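Enquirer: sharing a sequence plus its predicted fold:
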Amino acid sequence: MLFEQRKWYLLLLFQFFILAGYAGGNKKPNILFIMSDDHTSQAWGIYGGILADYVKNDRIKWLSEHGVVLENAFCTNSICVPSRAAIMTGQYSHRNGVYDLGGALPPDSLNYARLLRESGYQTALIGKWHLKKEPSGFDHYMVLPGQGAYRDPVLQTKQDWKDNERGGKVYKGFSTDVITDQSIAWLKNLNADRPFYLSVHFKATHEPFDYAERYKDLLEGIEIPYPDNLGDTGAATTGRTHDGWPLDLLGKRYVQSAAFYPGSPVSLDGLSAADTRKKVYQKFIKDYIRCAAGINDNIGRLIDYLRESGQLDNTVIIYTSDQGYFLGEHGFFDKRFIYEPSMRMPFVIYYPRELKGGRRNKDIILNIDFPSLFLDYAGAKQPASMQGRSFRANLSGKTPPDWRKDLYYRYWANEPRRPAHFGIRTDRYKLALFYGQDRTHATRDSMPYPPGWEFYDLAKDPGENHNAIHDPEYRAVIARLKKRLKTIKATSGDARETNPIINEILEKSW
């Protein structure tokens, strides 16, 4: 009898400690993953730069002051669909099969949301999906078909999903506000005894950079500063292997498709090439900042809800963008390239129970690492198929001694102005081969420039304005990087080229 009483006493004591630990902070954290589209680091304000004094960023700044900012987070393929697939699967494009904008993620793909749900999380995705097939791994989803609309967007759910971007219903309002409305509505109906994972994915700040009516006069009458290399005119003056994607193309869109863009039509009649580029830049940047201001507002709404509901301290909040974007650097807009404005992902994380606020981390982090971090917080095992690695220790200032010192990047699509390329980036140097060939074409792509290498010393040339591939002082560094690039390409699983034309180009170029 005494033995039975002791046994029950010990059992009750054990349950007490479990419950005490649950209440005291050992509960699995909620995870709120906020991701925008093309909201590049130059426009966050917390990374400095010429726009820091012009952007509306009080809520983003609050996250940075109370959380940890990553200074060297990068995507492995700077274009929307592949980057999102890399985040969902923890795999490079050549592993998950999503190479370019035409790619799709099959519902039976192993993704972190499915693993979080199996670990007891309530899971939801609200906003931009862009991976074409029906989302899987989420208890609830409301997603934009394709790119979706900025105004009165259609959102698709399990109840009205149809393939080929059909189905769904209209929700009145501006998309960034609507996505947040629906996210908070989902949060209000959760089981309080289980943790949640919520992806809030904004369409902003994707072209055409539309904005809510409340921001139509923001920056009116103000001249925004220009990047030092706004006047970049292409390969002839920089030594690059291509001319790139200049703002002049956006100017043509402003004139030819004026109704697609917010604000009054733009007239470029009678302007010189330099003045045309400046005028296009001013409209582009002001629209972009107005569009981003709505993101800042709605991050604040999400934070406020979590605070009011008593969940803020036990929620990991992450804000990032699916890749970077050119805001006039090199005279460019858009993304895709291995250059810093394009491949760099801004990233801030808040979790007061574990992370000291106001810190910055310089380790090289990749988008394929994100799911590993989520699973780590959830106490879930990472499957062998995922190629990333949790950076939870890094965030606390305890970087593992074997953490990566370089990264592999590959942009697979191919166009005359935006050639296919791959390369390596270290903490100081960058080397890339612009080979200019589509992976599926059986004949040689017609390109304005031959395949060629580019090399940049980021310490001496942070703007990547001079291709130093032929500078004698770097001969030994370049040789070492070429060797390392071949190794890192192989270890990522991208050793074998399936297109014989690409193989031929690599053999001649390497």
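Expert: Structure's in. What do you need?

Enquirer: how far does stretch 265-274 sit from the chain's center?
Expert: 33 Å (Cα atoms, centre = their mean, to the nearest Å).

Enquirer: show me which positions of that stretch end up buried.
Expert: Within stretch 265-274, the residues that count as buried by 16 or more other Cβ atoms under 10 Å are Val266. Glycine gets a C-beta too; all of them are placed from N, C-alpha and C.

Enquirer: what's in contact with it?
Expert: Gly231, Asp248, Gly251, Tyr254, Val255, Ala258, Thr276, Lys279, Val280, Lys283 (Cβ atoms under 8 Å, 6 or more residues apart in numbering).

Enquirer: now do 10 Å
Expert: 230-231, 233, 248, 250-255, 258-259, 275-280, 282-284 (Cβ atoms under 10 Å, 6 or more residues apart in numbering).

Enquirer: just the buried subset of these, please.
Expert: Listed as buried from the contacts of stretch 265-274 are 230, 250-251, 253-254, 276-280, 282-284; burial here means 16+ other Cβ under 10 Å.

Enquirer: surely Thr176 meets His206?
Expert: No. Counting by Cβ atoms under 10 Å, Thr176 does not reach His206; the two are 11.2 Å apart.

Enquirer: okay, those two: which has more neighbours?
Expert: Per other Cβ atoms under 10 Å, whichever of Thr176 and His206 has more neighbours is Thr176, with 30 against 21.

Enquirer: thinking again about what came up before, find residues that contact each of Thr176 and His206.
Expert: By the contact definition Cβ under 10 Å, 6+ apart, Thr176 and His206 are jointly contacted by Ser36, Tyr150, Cys291.

Enquirer: looking at the residues you listed, which has the most residues close by?
Expert: Neighbour counts for the shared contacts of Thr176 and His206 (other Cβ under 10 Å) peak at Cys291, which has 29 neighbours.

Enquirer: where does that residue fall, secondary structure wise?
Expert: helix 273-308 (DSSP states H and E).

Enquirer: distance from the following helix or strand past that helix to the middle of the chain?
Expert: Downstream of helix 273-308, the next assigned helix or strand under DSSP H and E is strand 315-321. Computed by Cα atoms, centre = their mean, the chain-centroid distance of strand 315-321 equals 12 Å.

Enquirer: by contact count, what packs against strand 315-321?
Expert: Strand 315-321 sits against strand 30-36, helix 58-66, strand 196-201, helix 273-308, strand 347-350, helix 370-378, with contacts defined as 3 or more Cβ pairs under 10 Å, 6 or more residues apart in numbering; DSSP states H and E.

Enquirer: tell me who's in contact with Gly324.
Expert: 38-43, 73-75, 78, 335, 337, 339-346.

Enquirer: that one and Ile505, how far apart?
Expert: Using Cβ to Cβ, to the nearest Å, Gly324 is found at 27 Å from Ile505.

Enquirer: adding distance to Asp406 and pLDDT, write the shared contacts of Thr176 and His206 out as CSV.
Expert: Shown next, in CSV, are the shared contacts of Thr176 and His206 (distance: Cβ to Cβ, whole Å; pLDDT from 0 to 100):
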residue, distance to Asp406, pLDDT
Ser36, 27, 98
Tyr150, 38, 98
Cys291, 34, 98
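
Enquirer: go through these and name the one nearest Phe138.
Expert: Nearest to Phe138 among the shared contacts of Thr176 and His206: Ser36, at 19.1 Å, using Cβ to Cβ.
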